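J.: build me a model from this:
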Amino acid sequence: MYSILVADDEKIGRKGVHFLLNQMEQDFDIIEAKNGKEALQYIQNHPLDILLTDIKMPFLDGIGLIKEALKVQPQLRVAIFSGYSDFEYAKTAMSLGVLEYILKPVNPEEFKATMVKMTKSVDELKATAKKEDQTEHLIKEHVLYNLVNGNSRKALEDRFGKELIDSYLKKYHRIIMLACPDNFFGDHEEVKNHFLECIRIPFDYLNLNMTQSLFFFEEDRFDAVNAAAHDIFNMLQISFHTKGYLAISKSLKGLEDVEKTVDELEETLEGMYYHPEKYIYSEQDEKVTVKPYEDVEELTKKVKHDINLKDIDRLKEDFKSFNEIYYAQNDFSNDYLKFLFSGIIKDIYNILTVTDEKDLDTMIVRFYRANDYKSIKAIMDEFVALLEKEFKKSETLNHQEIKDVIRYVYNNYNLDLSVDSLADQVCLAPSYLSHIFKKETGENLGKFIKRVRMEKAKELLETSNEKIVSIAVAVGYANVSYFCQSFREYYGISPQKYRNRGEAAS
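T.: Residues are numbered from 1 along each chain as shown. Model prediction:
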């Protein structure tokens, strides 16, 4: 549809042009204004494609209208109505960039030819603007991806130029990370449009992989960003019938914090394995205060889960929560505490291999003879210390498991890989695998999978004549457009252009 404003102080002139436009069988949205002032008011408040204006009008003539209109909407296509006696006005209009004028009385065939030229010009302008928007979008994604992966602002300025970086990198204060079910972003490429509709504050967006995306906000107020997180969560349920997990960052001090903050958000979202019923995480989460007995038993389950995951740091944190609950309520009987902790001791006992069995039996006897919480806690601390020593002993095994995962990814990058599926391969919990992979390699598991796939895709583009769609499938992307998007994000250029560049060089 083309929006057209007809400005003429003579009603018969406006209606005549309106009639001629309707005869063209084009999809026109036609607005009329009876003078230049009224026309300018409309232009200042509404987007417009074409302005058709008479020259001589009260309040504001055609030349004045054109000058002011082009200040507001420089892309506007303008044609003027003029009689032979108004040629000097027509020359002035042309100096303003008006290339079309329509002689009065209006000749229908000439009018139609002029409108065909103008609508074609509008189409070309929109196509160019769309291409520029797409290019700008890809460059911004590439710059953000580099920032997330540890490149400093200075390094980016050296590579792309300070002016370009200044135009793309804003002063971000908060980041939201969104994690969705496997392959969600590959299956739903249109989801970004939904984000644009539902989020009420400005943001920049970066899709990391098929399960994770980032939202960058200049807004620093927690309430505003938290509202955006809830809007995202609600939209996913309503529009896609799925639930995403979101983590809201602390306030960033500067762009140098981005990589570290993204890593922290990834670690925060590992909480989904501990709290599957919790979907939005933030620094504002309430600390443990007074909780009922059933919540203490829930905490016991988490401790047992920590033991199974060999997550000693989280285990210590959960034991600290026990202490906070105990001192807040101070109404747990020793027998009840022994009942809770005895199951934990059993799990620890089954794992320990480095302690003499007689020593363990002695510790258990001391535990059951303890008469107060302080004594019970001291014995539990001893068990945790033994467990920590056991986990350190198994670090060499962890290293072997990571080697197995790396080998598996390099040999099976064409499969539908995820943290869950890789965890199954080495018989580990997904959150524990993510934790030790990052600890061992310094790289997030999802980023590693993408890197392997991108490097292989690049190799295939350089050394084979396979179609892009075939290469996408060969490196694990069932959706070719998602593969192209991921390749552009990683290398800053589309797969086809990368191949063409290599062919031109040879």
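J.: how near is residue 189 to residue 204?
T.: 18 Å (CB to CB, to the nearest Å). C-beta: built from backbone N, CA, C; applies to glycine.
J.: kindly report the same for residue 96.
T.: Using CB to CB, residue 96 is found at 36 Å from residue 204.
J.: these two: which is more packed in?
T.: residue 204 (19 against 13; other CB atoms under 10 Å).
J.: pretty sure the more buried one sits against residue 170.
T.: Yes: contact status for residue 204 versus residue 170: in contact at 7.1 Å, counting by CB atoms under 8 Å.
J.: what touches both of the two?
T.: residue 216 (CB atoms under 8 Å, 6 or more residues apart in numbering).
J.: now do the phi/psi pair for residue 49.
T.: According to degrees, to the nearest 10, the main-chain angles of residue 49 amount to phi -100, psi -50.
J.: next one: residue 150
T.: Torsion angles, degrees, to the nearest 10, at residue 150: phi 100, psi 0.
J.: ok, for it, nearest residue in space, not its chain neighbours?
T.: Spatially, and ignoring its direct neighbours in sequence, residue 150 is nearest to residue 259 (4.6 Å; CB to CB, 6 or more residues apart in numbering).
J.: please list all residues in contact with the one you found.
T.: For residue 259, the contacting residues are 147-150, by CB under 8 Å, 6+ apart.
J.: try 10 Å
T.: 147-152 (CB atoms under 10 Å, 6 or more residues apart in numbering).
J.: ok, it to residue 44 distance?
T.: Taking CB to CB, one finds residue 259 at 44 Å from residue 44.
J.: circling back to that earlier point, how far away is the residue nearest to residue 150 from residue 144?
T.: Residue 259 sits at a distance of 11 Å from residue 144 (criterion: CB to CB).
J.: cool, residue 341 as well?
T.: 48 Å.
J.: just give me the longest helix of the protein.
T.: Selection of the longest helix in the chain by residue count, based on DSSP state H, yields helix 108-148.
J.: most neighbours among the contacts of residue 259, please name it.
T.: The most neighbours of any of the contacts of residue 259, using other CB under 10 Å, belong to residue 147, which has 24 neighbours.
J.: in the stretch 1-150 of the chain, where is pLDDT below threshold?
T.: Applying pLDDT under 70 to the stretch 1-150 of the chain picks out residues 83-91, 93-95, 97, 99, 132-136.
J.: can you show me the strands along it?
T.: Applying DSSP state E, counting those that start in this stretch to the stretch 1-150 of the chain gives strands spanning 2-7, 28-33, 50-54, 77-82, 100-103.
J.: would you confirm that residue 389 contacts residue 351?
T.: No: between residue 389 and residue 351 there is no contact under CB atoms under 10 Å: 11.1 Å.
J.: so which strand or helix has residue 219?
T.: For residue 219, there is no enclosing helix or strand under DSSP states H and E.
J.: mind starting the numbering at 290 from now?
T.: Yep, numbering from 290; the last one is residue 508 now.
J.: confidence score at residue 752?
T.: Residue 752 is assigned 89 on the pLDDT scale.
J.: equivalent analysis for the one 4 residues further on, please.
T.: At residue 756 the predicted local confidence, pLDDT, stands at 92.
J.: give me the low-pLDDT residue ranges for the stretch 540-689 of the chain?
T.: For the stretch 540-689 of the chain, the ranges with pLDDT under 70 are 560-565, 574-584, 598, 616-621, 642-646, 682-688.
J.: try 90
T.: 542-546, 552, 555-568, 571-689 (pLDDT under 90).
J.: swap in the stretch 690-795 of the chain?
T.: For the stretch 690-795 of the chain, applying pLDDT under 90 flags the ranges 690-693, 695-696, 705-710, 712-737, 751-752, 754, 767-771, 774-775, 777-783, 786-795.
J.: switch to 80 and redo it
T.: 717-718, 720-721, 724-725, 728-729, 731, 791-795 (pLDDT under 80).
J.: residues in contact with stretch 751-770?
T.: Around stretch 751-770, the neighbours that count as contacts under CB under 10 Å, 6+ apart are 472, 474-478, 499, 698, 701-706, 738-739, 741-750, 771-776, 783-785, 787-788, 791-792, 795.
J.: same thing but at 6 Å, please
T.: Here stretch 751-770 makes contact (CB atoms under 6 Å, 6 or more residues apart in numbering) with 475, 702-703, 742, 745-746, 749, 772, 784, 791.
J.: please spell out which residues along that stretch are buried.
T.: Of all the residues in stretch 751-770, those buried under the rule 16 or more other CB atoms under 10 Å are 757, 760-761, 763-766, 768-769.
J.: cool, stretch 603-617 as well?
T.: 603-604, 607-608, 610-611, 614-615.
J.: next: stretch 662-671.
T.: Across stretch 662-671, burial judged by 16+ other CB under 10 Å covers 662, 665-666, 668-669.
J.: distance from the chain centre to that stretch, please.
T.: 46 Å (CA atoms, centre = their mean, to the nearest Å).
J.: what's next to that stretch, contact-wise?
T.: 626, 630, 655-656, 659.
J.: repeat for stretch 496-504
T.: Contact partners of stretch 496-504, identified using CB under 6 Å, 6+ apart, comprise 464-469, 472, 474-475, 492, 494-495, 735, 739.
J.: hang on, the earlier thing: residue 650: which of the buried residues of stretch 751-770 is nearest?
T.: If you rank the buried residues of stretch 751-770 by distance to residue 650 using CB to CB, residue 765 comes first, at 51.8 Å.
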